[in-house]
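Novice: the sequence and its predicted three-dimensional model are supplied below.
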Amino acid sequence: EAQVTQNPRYLITVTGKKLTVTCSQNMNHEYMSWYRQDPGLGLRQIYYSMNVEVTDKGDVPEGYKVSRKEKRNFPLILESPSPNQTSLYFCASSLSSRGRTYEQYFGPGTRLTVT
Amino acid sequence: DAKTTQPPSMDCAEGRAANLPCNHSTISGNEYVYWYRQIHSQGPQYIIHGLKNNETNEMASLIITEDRKSSTLILPHATLRDTAVYYCIVNDGTPLVFGKGTRLSVIA
């Protein structure tokens, strides 16, 4: 089944403790992206990647890191999480050709709480 | 900023057609109109997209006006499971920008 998977689905952690949220897709998509969703602010893009070893900042990249060493994986790293990173996180992927992306497929979400 | 305007909420009776409008008066020639929906806190789900012609798939129909300044997503026979936030996005292939969408409530 074609899908985007994220792990963990739920995470409660403390300020400053490094964490990684994994994202994997089995559709051979070039493009992958991370979003966060907060009440009243909607979905905002954190980072995206047009292909392996190519990553770019989205609208709200501060406090996050990403890497794209393999086509199928796009982990989101919080080196020193803070309470304002408490949010619902979504990973997405899509085909990409000549710099253009197509319909995106989203993962189920990761609900992160930082205390 | 999102380049689209949608009503914040709409109701629809179960079994009736749901018509969700979207204004995108500044759309440029190479931008597509995409529709996604998000059911509760699940990941957004792609519905349909189009450039200038009307489009139909197993989920919905998309009607784009001739001047491309507005469009309508049609769910032909809405069910309770179609209750969701619907996002209309104009996109030229660069990263998506989500607005606030329309909260559709399907009522039994």
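Specialist: Now that the structure is in, tell me what you want to look at.
Novice: and residue 48, what element?
Specialist: Assuming you mean chain A. A:Y48 is part of strand A:42-51 when elements are defined by DSSP states H and E.
Novice: switch to chain B, please.
Specialist: Counting by DSSP H and E, B:I48 is found in strand B:45-50.
Novice: and the helix or strand following that strand, what's its mean pLDDT?
Specialist: Downstream of strand B:45-50, the first helix or strand assigned by DSSP H and E is strand B:55-56. Strand B:55-56 comes out with an average pLDDT of 96.
Novice: ok, residues contacting strand B:55-56?
Specialist: B:48-49, B:61-62 (C-beta atoms under 8 Å, 6 or more residues apart in numbering or on different chains). (Glycine included, C-beta is placed from N, CA and C.)
Novice: mind giving me the packing neighbours of the next helix or strand along the chain from that strand?
Specialist: Counting by DSSP H and E, the next helix or strand C-terminal to strand B:55-56 is strand B:61-64. Here strand B:61-64 touches strand B:32-38, strand B:45-50, strand B:55-56, strand B:70-75, going by 3 or more C-beta pairs under 8 Å, 6 or more residues apart in numbering or on different chains; DSSP states H and E.
Novice: and chain A, which residues reach chain B?
Specialist: Neighbours of chain B within chain A, by C-beta under 8 Å from any C-beta of the partner chain: A:4, A:33, A:35, A:37, A:42-45, A:48, A:58, A:88, A:90, A:92, A:99-109, A:111.
Novice: narrow these to those that are buried.
Specialist: For the residues of chain A next to chain B, a burial check counting by 16 or more other C-beta atoms under 10 Å in any protein chain shown picks out A:4, A:33, A:35, A:37, A:42-45, A:48, A:58, A:88, A:90, A:92, A:100-107, A:109.
Novice: can I get the helices and strands packed on strand B:61-64 in a markdown table including mean neighbour count?
Specialist: Shown next, in a markdown table, are the helices and strands packed on strand B:61-64 (neighbours: other C-beta atoms under 10 Å in any protein chain shown):
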| stretch | mean neighbour count |
| --- | --- |
| strand B:32-38 | 22 |
| strand B:45-50 | 18 |
| strand B:55-56 | 15 |
| strand B:70-75 | 20 |
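Novice: tabulate these (a markdown table), appending distance to B:G99.
Specialist: Output for the helices and strands packed on strand B:61-64, formatted as a markdown table (distance: least, C-beta to C-beta, whole Å):
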| stretch | distance to B:G99 |
| --- | --- |
| strand B:32-38 | 11 |
| strand B:45-50 | 15 |
| strand B:55-56 | 21 |
| strand B:70-75 | 14 |
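Novice: that'll do, ta.
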